[in-house]
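*Asks:* build me a model from this:
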Amino acid sequence: MTLSGKNSIDLFLYRFVRGAIIVGTVLAFQWFFDIFTSSFTLTVAAVTAVVMQLILVVQFPNNDLIPKKVPRDRTIDFLKTEAKFILLITFMAFFTKWKISDFTYTMMITANFVFQSLLFLAWRVYNRHLLHPKSNNDPAPYKKNVLIVGATDRGKRVADIFLDHPELQTHIMGFVDAKREGLWRYRDVPLIGKVDSIREVIARNQVDLVVMAFENGDHVHIPEVFNTVEQMGVKVCFLPEVLGPRISKCRPYSLNGQPVFLYHSVPENRAALFIKEVMDRVGAVVGMVLSAPILLLAAIAIKLDNPGPLLFIQKRAGKNGRVFNMYKLRTMVAEAEEKKSELMHLNEMDGAAFKIQDDPRVTRVGRFLRKYSVDEIPQFWNVLMGDMSLIGPRPPLPQEVEKFEPWQHRKLSVKPGLSCLWQINGRNNVDFDHWMKLDLQYIDRWSLKEDAKILVKTIPAVLKGRGAS
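*Replies:* Coordinates of the predicted model:
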C-alpha cells in the first residue's frame, strides 16, 4: 500500500470516528433529556453537526511534502477546529430555535468536546509514536526515500527539516556533494557519493525525491543534475533561496504560464490587503463627512488670514516611487516654495527631509492647523482615489527620494498613509534615520491589528499636537 493510500484510510477512519462521536452524543442526550421534539429535527441536527465537523477538518493536499496528518496532530489546530465547531453549532441552535435548556446544551457540547479530545490524544499517539519508526535508519514501508544533493549548510538545513519532523514520513538515504568526499556523516545521514555519480545512486536505490540544496558556488552543477534526475523520472525539489535573502520571502509564481520564483519584501496576505483597501475607502468617506465642518472653518480662517489659494498641492512619491498630487490646506505664504532654498541652512532634520521648527513661511492660522494636523484633512481625497492609505509611511518628496540610501528606499514598497509609527512617536522630534527605521518596522510587522493600533493612537497624538511644526 502506498503512503498516500495509507494516509487516506487513516484520515477517513479518524473523521468517521469524529462523526460517530457527535451522533452518539446527540442520541445519548436525546434519550435522557428528550431535547428534540421530532425525529426529523433530530436527524437534521445530527447530520448538520457531522457535516460541519467534517468541513472543519478537511484540508486539500498541496503536494507530497505537506503531510495530511499534521493539522490534526497539533493541539492548537485541534482546539481551533473545536472552537469553530462550537460556534457554528451555537449559531445554528439559536437561529433554528432548538428547544433545549442552556444547561443541557452546555453539557452536550462539553461531553462532545471531552470525547473528541480523547480521540485526538489517541490519534496523536498513533501518529507520533506508533506509526513512525524511532530513527531515520529504519526505512518504514510508508516512508519516502529522499536524496539530498549538497552536503554543506543548505543541505544540512534540509536534513534538519526531515529529521525534526517525522510526520513528513521521509527516510533520508544520504547526501551527494560536488566537493566533499570520503567518510562523512551528518546526524547519522551518510555521504554516499559525488554529484557525477547521482545516476548510479538512483539506479541502485529506490529514490522517491531528490532535493537540490547547492550552495552559491556549486550552481554550475544544477543543469546536469536536474537533467539526469528528470530523465530518470524522479521528482525534484529545488530550494528557491539561491541568493539567501535576509528580508524577502520567496513563493512560486506564474509569469504567463512560465513558473518563476517571486521574492517579495512586503506583506503578501491578499485577504488582509483587500480588507485594508476596503477600510481605506470607507474610512476616507467617513473622514471627509465628519471633518467637513472643521474643513469649512479652516478654509474661512485661511482666506481671512493670508491671501492665496486655499489648497496646497504638492508632488509626492507614492508606492514604488510613483508621483501623485498630495492635497493639504495651505499653511504657508503663497510664495513658500520659492523661499525654501533660502532657508536650507536652517534645516533641523538630518538626511533627505526638510523641517524647521519655527519656519518663517508658516502663517498664524497655518501654525495652528499644523499643530493639530487639520491641514492634512484634504488627504482623505488621496485615500479615496487610491494614492494613499489611512495607515502607512508618510509620502516623501521626489527630490528627497533621490537622496535616499538603498535601505531607506524600501519604505516606498507599500502605499503611503495619513499616519504611521512616526506620527505617534513624536513626529518632527524623531530624527530622519529613526523615522526611516520606524517605517520599515511598520512594513515588516504589518497586520490589520497593527493598523488598528496606530489608528487608535493617532487621535490622541494629533490632539496633543506634540512634535508638529
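*Asks:* which residues sit in contact with V211?
*Replies:* Taking C-beta atoms under 8 Å, 6 or more residues apart in numbering as the criterion, V211 is in contact with 146-149, 158, 236-237, 239. Every residue, glycine included, has its C-beta placed from N, CA and C.
*Asks:* possible to save those residues as CSV with secondary structure and distance to G318?
*Replies:* Shown next, in CSV, are the contacts of V211 (DSSP: H, G, I helix; E, B strand; the rest coil; distance: C-beta to C-beta, whole Å):
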residue, secondary structure, distance to G318
V146, strand, 47
L147, strand, 49
I148, strand, 45
V149, strand, 44
V158, helix, 41
V236, strand, 41
C237, strand, 39
L239, coil, 35
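*Asks:* quick check: the farthest pair among these?
*Replies:* Within those, L147 and L239 form the most distant pair, 14.0 Å apart (C-beta to C-beta).
*Asks:* follow-up on the earlier one: just the buried members of the contacts of V211?
*Replies:* Neighbour-count burial within the contacts of V211 applies to 146-149, 158, 237, 239; the criterion is 16 or more other C-beta atoms under 10 Å.
*Asks:* ok, I192 - how many residues close by?
*Replies:* 19 (other C-beta atoms under 10 Å).
*Asks:* which element is it on?
*Replies:* strand 189-194 (DSSP states H and E).
*Asks:* name the residues that touch that strand?
*Replies:* 136, 148, 151, 159, 163, 172-178, 180-185, 200-201.
*Asks:* list the buried residues in that strand.
*Replies:* So for strand 189-194, counting by 16+ other C-beta under 10 Å, buried means 189, 191-194.
*Asks:* all helices of the stretch 201-350 of the chain, in order?
*Replies:* Secondary structure of the stretch 201-350 of the chain by DSSP state H, counting those that start in this stretch: the helices cover 222-231, 270-305, 336-339.
*Asks:* now render the ones you listed as TSV, adding distance to P259.
*Replies:* Below are these laid out as TSV (distance: least, C-beta to C-beta, whole Å):
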stretch	distance to P259
helix 222-231	13
helix 270-305	20
helix 336-339	50
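*Asks:* low-confidence stretches in the stretch 251-400 of the chain?
*Replies:* Scanning the stretch 251-400 of the chain for pLDDT under 70 picks out the ranges 336, 338-342, 344-355, 357.
*Asks:* ranges for the strands of it?
*Replies:* With strands called from DSSP state E, counting those that start in this stretch, the stretch 251-400 of the chain shows them at 258-264, 311-317, 323-329, 389-391.
*Asks:* given the shortest one, what are its sheet partners and their directions?
*Replies:* Okay, so that is strand 389-391. strand 417-419 (parallel) (DSSP bridges).
*Asks:* and the partner strand, how far out from the chain's middle?
*Replies:* 21 Å (C-alpha atoms, centre = their mean, to the nearest Å).
*Asks:* what sits up against it?
*Replies:* By C-beta under 8 Å, 6+ apart, strand 417-419 touches 376, 379-380, 383, 388-394, 454-455, 458.
*Asks:* narrow those residues to those in helices?
*Replies:* Counting by DSSP state H, the part of the contacts of strand 417-419 found in helices is 379-380, 383, 454-455, 458.
*Asks:* sorry, back to before: return a PyMOL selection command for the buried portion of the contacts of strand 189-194.
*Replies:* Per 16+ other C-beta under 10 Å, the buried members of the contacts of strand 189-194 correspond to this PyMOL selection:
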select buried, resi 136+148+151+159+163+172+173+174+175+176+177+178+201
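*Asks:* for the most centrally placed residue in the chain, phi and psi?
*Replies:* For the chain, the residue nearest the mean C-alpha position is N269 (4.8 Å; C-alpha atoms, centre = their mean). For N269, the backbone dihedrals are phi -80, psi 100 (criterion: degrees, to the nearest 10).
*Asks:* ok, it to I275 distance?
*Replies:* 9 Å (C-beta to C-beta, to the nearest Å).
*Asks:* mind putting the contacts of V211 into a markdown table with distance to L311 and pLDDT?
*Replies:* A markdown table is the format used below for the contacts of V211 (distance: C-beta to C-beta, whole Å; pLDDT from 0 to 100):
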| residue | distance to L311 | pLDDT |
| --- | --- | --- |
| V146 | 64 | 94 |
| L147 | 67 | 95 |
| I148 | 63 | 95 |
| V149 | 63 | 94 |
| V158 | 58 | 90 |
| V236 | 59 | 90 |
| C237 | 57 | 87 |
| L239 | 53 | 75 |
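*Asks:* got TSV for those residues, with distance to F368 too?
*Replies:* Putting the contacts of V211 into TSV (distance: C-beta to C-beta, whole Å) gives the following:
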residue	distance to F368
V146	69
L147	72
I148	67
V149	68
V158	62
V236	66
C237	63
L239	58
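*Asks:* sounds good, over and out.
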